[in-house]
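Student: Need a 3D model of the sequence below.
(chains A and B)
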Amino acid sequence: MHFRHIFSALGRHRIAVCLLVLEIAFSCAVVCNALFLIGNRLELMHRSTGVDEAHLIHVGVRSVTPGSADAVMAQTRTDLAALRAIPGVVNVSVVNQVLFGDGVSFSGVSLSDDAKAPGIQVTQYLGNAQLADTLGLKLADGRRFKPDEVISYAQLESGGSSAPVIITKALANHFFPGQSALGKTIHAFGADRVVGVVERLVQPRDYGPAENYDYAMLFPVEMPYSQGRYLIRVRDASQRQTVIQGALRALKADGPLRLISPKYATTLEAARDKYYRNDRAMAWMLVGVCVLLLVVTSVGIVGLTSFWVAQRRRQIGIRRAIGATRGDIRRYFQTENFLIATLGIVLGMVLTYGLNLLLMAHYELGRLPGYYLPVGALALWVIGQLAVLGPALRAAAVPPVVATRSV
Amino acid sequence: MFGYYLDLALRSLRRNQALTALMVLAIALGIGTSMTTLTVMHVLSGDPIPAKSAQLFRVRMNVSPDEAFKPGDDAPDNLTRRDAEALLHDARADRQAMMSAGSLVVVSAQGDPLDVDARYTSADFFPMFDVPLRYGHAWSRSDDTSHAGVAVISGTLNRQLFGGADSVGKMLQVGDGSLRIIGVLGDWDMNPRFYDLSDGQFGDSEDVFLPLSTATDMKLSTSGQMWCWGNSKDAHGADAPCIWLQYWAQLDTPAKAVAYRQYLRNYIALQQKAGRFTHPGQLDLQDVMAWLDAKGVVPADVRLQMWLALGFLGICLLNTVGLLLAKFLRRSNEIGVRRALGASRGAIFLQCLVEAGVVGLAGGVSGLALAGLGMVLVRHQPTDYAAYIHMDLRMLLATFVLALLSSLLAGLLPAWRAMHVAPGVALKSN
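Tutor: Sure thing, here's the model as predicted:
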């Protein structure tokens, strides 16, 4: 009953209604896609690394006068002993690269030693026999390294040593789909035998194709401190800052002049925070855009509805005079807004889809999942109803006596 | 007439302050966000070395052996030491330099170690990139060949180590060895650091510069990309199968660029003949702006933000169109009276546009304030370019042009409707 009147009244303001519908539609399209982008960033920021991040810190030390390789290695052993003696420390390893660090080290890996064999770039973590434990990795299959398997960096690079290797489950599935990788050979530094498979470990930084993010290998290599960082696992997460202070003191206490500074010591959590700060900033910026967009849209609704209310004062007065209640008048404007919003949202769905296609073409973005559409629709319905409330109440307050006045 | 319209516009805007405020707010938000993101785009896509950007060329070649060559790939960014040294030795460009980023620990006179970024390069680096020197001079090509133990340091490091005094002739202790300082840089703000984008695209320039030949002798550590095929004991060795050196050539005229390209083609053909590879080899000679474009110095996020902001401005304008329409049609009576008194349709149209323009200018002023706020926000972002974002005079003017244009655009339809108000109907309904 109501709808017919409303439609015929809207028909008299075709242009203004079209503008409002368009504005709601575009807002809907942008808000849905922005929410999707925010969701993507959040997903990215919360990816698991497979590493026990809450209990790890790392400290980098730079030598000033390096000395011979043997001297550096001897100093590394002294440092390791000193670090292990710090209360609260569970495990220490020297590792060539750390998660969220500056550098990434890769090797081409294939299934045969023929140089032309198809290979992929896989990141490598080099460290002592306890590295898997220090990182807190979960073993899915096989075993950890044995202390007597540890080789020197020179031995690994020379390639002939056929070092044992631990690989991630994802990498195992890539090379040996449907079968156990244990005992198989991959070719990275030579013919390397797989002795263990860990549930998950990822690249230090995003690099190369996204599907390679969780391809990683571990080699048992005795690294000198000059080629890596001290990775320290603490018993209790609350001790991390104390252990960092203790580690810096312990390292400074012994050895030649070296660059040891709090600048190069960090918890893994802080490093993660820093790594994702651009994504976080982008997510907040998108939140800001959504909020502003909804504000502007509601401004448009308030403005146009107020205009219509003012224009129809006389008609409202007449309706009131012939028996319409305040509630009827208020509901009239609310229904009108609901209809306009619905039209806008329907058109907005189409635009949302179009905008998503555009983003997919230019920004390596996936298809927008369907559940963003009802979220966007709901947001615009709610915003519409909130915005129209003020003008609708003002309309309801128009006294019936207006009908009897000439202007 | 214009003054009269302006007066009418101001009266009309004052009459309905809430609606006016809403319109100005909408335009200001749209302009503020658009100008913020456009300024970021403008700064990031700027020319770092306007005087020479068309004469400086990044040289890229793919002369890797067949097993390391994938036909679809781009030419790698860097060269092997063997190729870089061969090109440098031929010296067929007006100027040329090979280089790598490095990282050093220097020791101050007080004995405190200090880590600094370094660039290992060859003599032409300084004249080629217009690097200003405050004290002393850069090294010569003969210093490159004689592996001279010399260094040029930045003004910042000079202040840190020597309190800003002329330190030419003093020694810089680096690891076990030491380098004689022969030059101190003046203010050199090269952003983005186009000559090597792999080690942070924006930021201060390096603190220590020394001949690459000296750095490899001293086994100083390099940073940046290092890509090797096959195993090698020393990745920095003269014949190591490793790609790690950036190479730039200065070619003063287009004809020279053509000739140089041919020279590079011949070089590749020679390598092919020598049996290094059987594939056609790849060659890329790009000037500064083409190089920056190819490396995507403007992050995808910034582009996305710009489009988002422009889309937002569009929605704000749609909003303004609606509000202006409401405003003008509400004055149908007044327009009817003016029309009846003899005002032409054009006059009504113009009067409405003046009113829209006033709203636009007000929106522009508030938008500028919002853009200023946006700049503050951008500069507090954790990006490496944050510190370099600033609004210049051109962007300031662009703000007002954009605000005025968009408000006039928004005013077109409402003004068109307003001028078609039938005077008879408007007067009768009164």
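Student: Quick check: residues of the stretch 301-407 of chain A near chain B?
Tutor: The stretch 301-407 of chain A comes close to chain B at residues A:302, A:303, A:304, A:306, A:307, A:310, A:311, A:363, A:407, as judged by Cβ under 8 Å from any Cβ of the partner chain. Where C-beta positions appear, they are placed from N, C-alpha and C, glycine not excepted.
Student: Quick check: the two most widely separated of the residues you listed?
Tutor: Spanning the widest gap among those are A:363 and A:407, at 56.5 Å by Cβ to Cβ.
Student: Neighbour count for these two, which is higher?
Tutor: residue A:363 (14 against 8; other Cβ atoms under 10 Å in any protein chain shown).
Student: Wait, the more buried one touches residue B:304, no?
Tutor: Yes: Residue A:363 lies in contact with residue B:304 (Cβ atoms under 8 Å); the separation is 6.3 Å.
Student: can you count the residues close to residue A:235?
Tutor: For residue A:235, the neighbour count with other Cβ under 10 Å is 13.
Student: gap between residue B:200 and residue B:371?
Tutor: From residue B:200 across to residue B:371, the span is 27 Å (Cβ to Cβ, to the nearest Å).
Student: Give me the more crowded residue out of the two.
Tutor: Neighbours were counted for residue B:200 and for residue B:371 using other Cβ under 10 Å; residue B:371 has more, 26 against 15.
Student: For the more buried one, which residues are in contact?
Tutor: B:31, B:32, B:35, B:36, B:39, B:391, B:399 (Cβ atoms under 8 Å, 6 or more residues apart in numbering or on different chains).
Student: tell me the helices in chain B, going along the chain?
Tutor: Using DSSP state H, the helices assigned to chain B run over residues B:2-15, B:17-44, B:81-90, B:125-128, B:141-145, B:155-162, B:212-217, B:254-273, B:288-294, B:300-330, B:332-340, B:345-379, B:393-419, B:423-428.
Student: can you redo these as CSV with mean pLDDT and distance to residue A:53?
Tutor: Shown next, in CSV, are those (pLDDT from 0 to 100; distance: least, Cβ to Cβ, whole Å):
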stretch, mean pLDDT, distance to residue A:53
helix B:2-15, 85, 57
helix B:17-44, 90, 32
helix B:81-90, 94, 39
helix B:125-128, 96, 42
helix B:141-145, 94, 47
helix B:155-162, 92, 35
helix B:212-217, 93, 37
helix B:254-273, 94, 47
helix B:288-294, 92, 36
helix B:300-330, 89, 25
helix B:332-340, 86, 67
helix B:345-379, 91, 29
helix B:393-419, 90, 42
helix B:423-428, 73, 71
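Student: Output these as TSV; include the columns distance to residue B:50.
Tutor: Below are the helices of chain B laid out as TSV (distance: least, Cβ to Cβ, whole Å):
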stretch	distance to residue B:50
helix B:2-15	40
helix B:17-44	14
helix B:81-90	26
helix B:125-128	15
helix B:141-145	27
helix B:155-162	23
helix B:212-217	28
helix B:254-273	18
helix B:288-294	9
helix B:300-330	21
helix B:332-340	52
helix B:345-379	23
helix B:393-419	14
helix B:423-428	58
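Student: For chain A, what is the nearest residue in the stretch 101-250 of chain B?
Tutor: Ranking the residues of the stretch 101-250 of chain B by distance to chain A (Cβ to the nearest Cβ) places residue B:113 first, at 4.2 Å.
Student: quick one: residue A:94 is in a strand?
Tutor: Yes: counting by DSSP: H, G, I helix; E, B strand; the rest coil, residue A:94 is part of a strand.
Student: That one and residue A:163: what is the separation?
Tutor: Applying Cβ to Cβ, the value for residue A:94 to residue A:163 is 17 Å.
Student: Also residue B:309?
Tutor: For residue B:309, the distance to residue A:163 - Cβ to Cβ - is 53 Å.
Student: tell me the SS of residue A:101?
Tutor: Once three-state DSSP is applied, residue A:101 turns out coil.
Student: The residue lying closest to it once chain neighbours are set aside: what secondary structure?
Tutor: Excluding the flanking residues, the one nearest residue A:101 by Cβ to Cβ, 6 or more residues apart in numbering or on different chains is residue A:204, at 5.2 Å. Using three-state DSSP, the structure places residue A:204 in coil.
Student: Now for residue A:204, how many residues are close by?
Tutor: The burial count for residue A:204: 21, using other Cβ under 10 Å.
Student: So the chain: which segments form each domain?
Tutor: Just so you know, I chose chain A. A:3-45+A:278-404, A:53-268 (automatic domain parsing).
Student: The intended chain is chain B.
Tutor: B:2-45+B:298-428, B:56-294.
Student: Can I get those domains in TSV including distance to residue A:253?
Tutor: Shown next, in TSV, are those (distance: least, Cβ to Cβ, whole Å):
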stretch	distance to residue A:253
domain B:2-45+B:298-428	35
domain B:56-294	16
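Student: I'd like to know which of those is closest to residue A:332.
Tutor: Ranking the domains of chain B by proximity to residue A:332 (Cβ to Cβ) places domain B:2-45+B:298-428 first, at 18.5 Å.
Student: to the chain's geometric centre, what's the distance from the closest one?
Tutor: From the chain centre to the centre of domain B:2-45+B:298-428 is a distance of 29 Å (Cα atoms, centre = their mean, to the nearest Å).
Student: what distance separates the start and the end of that domain?
Tutor: End-to-end distance of domain B:2-45+B:298-428 (Cα to Cα, to the nearest Å): 29 Å.
Student: Please apply the same query to stretch B:233-240.
Tutor: 8 Å.
Student: which one is the residue of the stretch 101-250 of chain B closest to chain A nearest to, not counting chain neighbours?
Tutor: Distances taken as Cβ to Cβ, 6+ apart place residue A:259 nearest to residue B:113, at 4.2 Å, with adjacent residues excluded.
Student: ok, now which ones touch that neighbour?
Tutor: If you count contacts by Cβ under 8 Å, 6+ apart, residue A:259 has them with A:61, A:62, A:63, A:64, B:105, B:113, B:114, B:115.
Student: Residue A:107: what secondary structure?
Tutor: Residue A:107 is classified as strand under three-state DSSP.
Student: For residue A:215, see how far away the residue lying closest to it once chain neighbours are set aside is.
Tutor: Spatial nearest neighbour of residue A:107, excluding adjacent residues (Cβ to Cβ, 6+ apart): residue A:188 at 4.6 Å. According to Cβ to Cβ, residue A:188 stands 12 Å off from residue A:215.
Student: Pull up the overlap in contacts between those two.
Tutor: residue A:122.
Student: Which of these two has more residues huddled nearby?
Tutor: Of the pair residue A:188 and residue A:215, residue A:215 is the one with more neighbours under other Cβ under 10 Å, namely 25 against 21.
Student: Let me know whether that one touches residue A:172 as I believe.
Tutor: No: counting by Cβ under 8 Å, residue A:215 does not reach residue A:172; the two are 9.6 Å apart.
Student: Let me see the mean pLDDT of whatever helix or strand residue A:38 lives in.
Tutor: Residue A:38 belongs to helix A:14-45 when assigned by DSSP states H and E. In this model, helix A:14-45 has a mean pLDDT of 92.
Student: what about residue B:67, neighbour count?
Tutor: 15.
Student: That one reaches residue B:276, doesn't it?
Tutor: No: using Cβ under 8 Å, residue B:67 is not in contact with residue B:276; the gap is 11.7 Å.
Student: Roughly how far does residue B:143 sit from residue A:10?
Tutor: Using Cβ to Cβ, residue B:143 is found at 82 Å from residue A:10.
Student: swap that for residue A:344, please
Tutor: Applying Cβ to Cβ, the value for residue A:344 to residue A:10 is 13 Å.
Student: Contacts only, for the residue lying closest to residue A:73 once chain neighbours are set aside.
Tutor: Residue nearest to residue A:73 in three dimensions, not counting chain neighbours: residue A:224, with 5.3 Å by Cβ to Cβ, 6+ apart. By Cβ under 8 Å, 6+ apart, residue A:224 lies in contact with A:69, A:72, A:73, A:76, A:94, A:153.
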